[in-house]
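Colleague: how would this look folded up:
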Amino acid sequence: MLFCHGAAADSVFYIQKGRVRLTITSKAGKEATVALLGPGDFVGEGCVTSAHSVRITTAAAVGPCTVLRIDRDEMLRVLHQGHEFSDLFTAFLLARNARIQDDLVDQLFNSSEKRLARVLLLLAQFGKPGKPETVIPKMSHQMLAEMIGTTRPRVTFFLNRFRKLGFIEYNGEMQVHNSLLNIILHD
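Modeller: Here you go, the predicted structure:
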């Protein structure tokens, strides 16, 4: 656990290895996965502003993970003095903002099948520089359902369909093939 909802927002974390799941819980107790972050991503960056003195989300490692914890004051100092770091952090924030906008458009306009295909491709890091990881971290069907805003049975149905079509393979771990792009590109 990196941090919990309601805890003091006093540091930023930089993910060096592994994945971190960012969740939010409603007053009724319903949990939703907001993001799944990986190496090169920051989490808890809201503490840099004075707007968030407490955490509004929970961040937990998904499997083995190495993170660097940066105290808020040190983060602010480095942002003001270190131009390279400031550029890196700004690029991250802009990319994260674009991803959030893409997620919103995806949620508003695409079917749950397309949203699942997109999430699997993002988890496999298709579209990022370097070779994509075809094997994605082990995730439950429930967690995938929370990420795309549907039910676990629908996720299971679509995963079975993707497997029959040869877009994915899974037997303990999931392999995503670039042919899964056909689901997103097909209208």
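
Colleague: biggest helix in this protein by residues?
Modeller: The longest helix of the chain (DSSP state H) is helix 83-109.

Colleague: for the residue most central in space within the chain, give its distance to Arg99.
Modeller: Closest to where the C-alpha atoms of the chain average out (C-alpha atoms, centre = their mean) is Leu36, at 2.0 Å. The gap separating Leu36 from Arg99 is 11 Å, by C-beta to C-beta, to the nearest Å. Bear in mind the C-beta positions are built from the backbone N, C-alpha and C, glycine included.

Colleague: ok, Ser140 next?
Modeller: Ser140 sits 22 Å away from Arg99, taking C-beta to C-beta as the criterion.

Colleague: in a strand, Leu36, correct?
Modeller: Yes. Counting by DSSP: H, G, I helix; E, B strand; the rest coil, Leu36 is part of a strand.

Colleague: that one and Leu123 touch, don't they?
Modeller: Yes. Contact criterion C-beta atoms under 8 Å: Leu36 and Leu123 qualify, at 6.5 Å.

Colleague: which neighbours do the two have in common?
Modeller: Both Leu36 and Leu123 are contacted by Pro137, under the criterion C-beta atoms under 8 Å, 6 or more residues apart in numbering.

Colleague: before we move on, the earlier item: following the longest helix of the chain, which helix or strand shows up next?
Modeller: helix 112-123 (DSSP states H and E).

Colleague: what helices or strands is that following helix leaning on?
Modeller: Under the contact criterion of 3 or more C-beta pairs under 8 Å, 6 or more residues apart in numbering; DSSP states H and E, helix 112-123 touches helix 83-109, helix 141-148, helix 152-164, strand 174-176, helix 181-185.

Colleague: ok, the residue lying farthest from the centre of the chain to Met75 distance?
Modeller: For the chain, the largest distance from the centre (C-alpha atoms, centre = their mean) belongs to Gln81, which lies 29.1 Å off. Distance of Gln81 to Met75, given as C-beta to C-beta: 11 Å.

Colleague: now His177
Modeller: To Met75, His177 is 39 Å away according to C-beta to C-beta.

Colleague: higher neighbour count, the two?
Modeller: Per other C-beta atoms under 10 Å, whichever of His177 and Met75 has more neighbours is Met75, with 21 against 18.

Colleague: doesn't the more buried one belong to a helix?
Modeller: Yes. According to three-state DSSP, Met75 belongs to a helix.

Colleague: what's the closest non-adjacent residue to it?
Modeller: Leaving aside its chain neighbours, Met75 sits nearest to Val12 (5.0 Å; criterion: C-beta to C-beta, 6 or more residues apart in numbering).
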